[in-house]
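Novice: just coords:
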């Protein structure tokens, strides 16, 4: 497919889905991750952002991402790029969103970021989960609704990844038994909390400083879950200032003994990384399981 045909198909999809007459003039390739090709689109109305990947390999991934972006945007708590169009062209799936310009951080950047996240976490619904399966990275994320966070976490998060890791000979039977032992203890470990709308993949690579000096978040794996999951993920790989955590705690305090639950909450993203990147995360998973 030629570039002109591709831009023409993207222009048609964008105009139909966004309800605006927008013509894409030029696509500039940008540095991207391992999963997607990314482009900055120049249009007569300004800049847009395009992501593309293999349509067969990750079916529905961009539709689910667009749904997650809309969920977060609808809270009006943090800056989130607006999804404008999704679809397929040739063998490629695509997502077009607003293009978010980078800026310099305001002096109270971290405090504002934490305040926005705490407000987002107050958006709730009766059950943990979502009506649809989505993705975290390229891993399918199951969201079958449950009234109990402990049951949800065991059956939708830890169990599917444990089964996959065992089938791929990444985890042995002893590690699986340790994981099953932990599942049984989850009701005693997690306090009761209302389901909170989560970003779901909140690490330093999924936020930026926007043109207004405030945090802009993207690439969500959104669902309604336990809010300590977002905080634990933010701690896992670094990149968040201590002011972020202090401000969050002052605005929406976590339940007692939250420090003891960090490792359990981090177990899910560690398992995701174990499946995506291999054995280098094995010891981190084992360390958490050995605690229990």
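Specialist: Nice, thanks for sending it over. Just so it is clear, the model here is predicted, and its values are computed rather than measured.

Novice: the strands in the stretch 151-292 of the chain, which residues?
Specialist: 196-198, 207-209, 215-217, 223-225 (DSSP state E, counting those that start in this stretch).

Novice: any chance of those in CSV, with mean pLDDT and mean neighbour count too?
Specialist: For every residue, glycine as well, the C-beta is placed using N, CA and C. Formatted as CSV, the strands of the stretch 151-292 of the chain follow (pLDDT from 0 to 100; neighbours: other C-beta atoms under 10 Å):
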stretch, mean pLDDT, mean neighbour count
strand 196-198, 99, 26
strand 207-209, 98, 19
strand 215-217, 99, 22
strand 223-225, 99, 26
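
Novice: Could you measure from residue 292 over to residue 68?
Specialist: 31 Å (C-beta to C-beta, to the nearest Å).

Novice: repeat for residue 171
Specialist: On the measure of C-beta to C-beta, residue 171 and residue 68 end up 28 Å apart.

Novice: Tell me which of the two has more neighbours.
Specialist: The residue with more neighbours, out of residue 171 and residue 68, is residue 68; 27 against 24, by other C-beta atoms under 10 Å.

Novice: Just list what the longest helix seen in the chain packs against, helices and strands only.
Specialist: The helix that spans the most residues within the chain, counting by DSSP state H, is helix 258-277. Identification of packing neighbours for helix 258-277 by 3 or more C-beta pairs under 8 Å, 6 or more residues apart in numbering; DSSP states H and E yields strand 139-141, helix 159-167, helix 173-189, helix 228-236, helix 282-290.

Novice: go with 6 Å
Specialist: For helix 258-277, the elements it packs on are helix 228-236, helix 282-290, judged by 3 or more C-beta pairs under 6 Å, 6 or more residues apart in numbering; DSSP states H and E.

Novice: avg pLDDT for the first one?
Specialist: Helix 228-236 shows a mean pLDDT of 99.

Novice: orientation of it relative to helix 258-277 in degrees?
Specialist: 70 degrees (axes from the mean of the first three to the mean of the last three C-alpha atoms, to 10 degrees).

Novice: Could you check the angle helix 228-236 makes with helix 282-290?
Specialist: Going by the same axes, to 10 degrees, helix 228-236 makes 130 degrees with helix 282-290.

Novice: contacts for helix 228-236?
Specialist: Contacts of helix 228-236 with the rest of the structure, by C-beta atoms under 6 Å, 6 or more residues apart in numbering, involve 198-199, 202-203, 240, 261-262, 265-266, 269.

Novice: and if you look at stretch 95-114?
Specialist: 14, 47-51, 62, 81-86, 208-211, 213-216, 241, 243-244, 247-248.

Novice: List the buried residues for stretch 219-238?
Specialist: 219-236 (16 or more other C-beta atoms under 10 Å).

Novice: Stretch 263-278 too?
Specialist: Buried-residue list, stretch 263-278, by 16+ other C-beta under 10 Å: 263-275.

Novice: repeat for stretch 123-139
Specialist: 123, 127-130, 134-137, 139.
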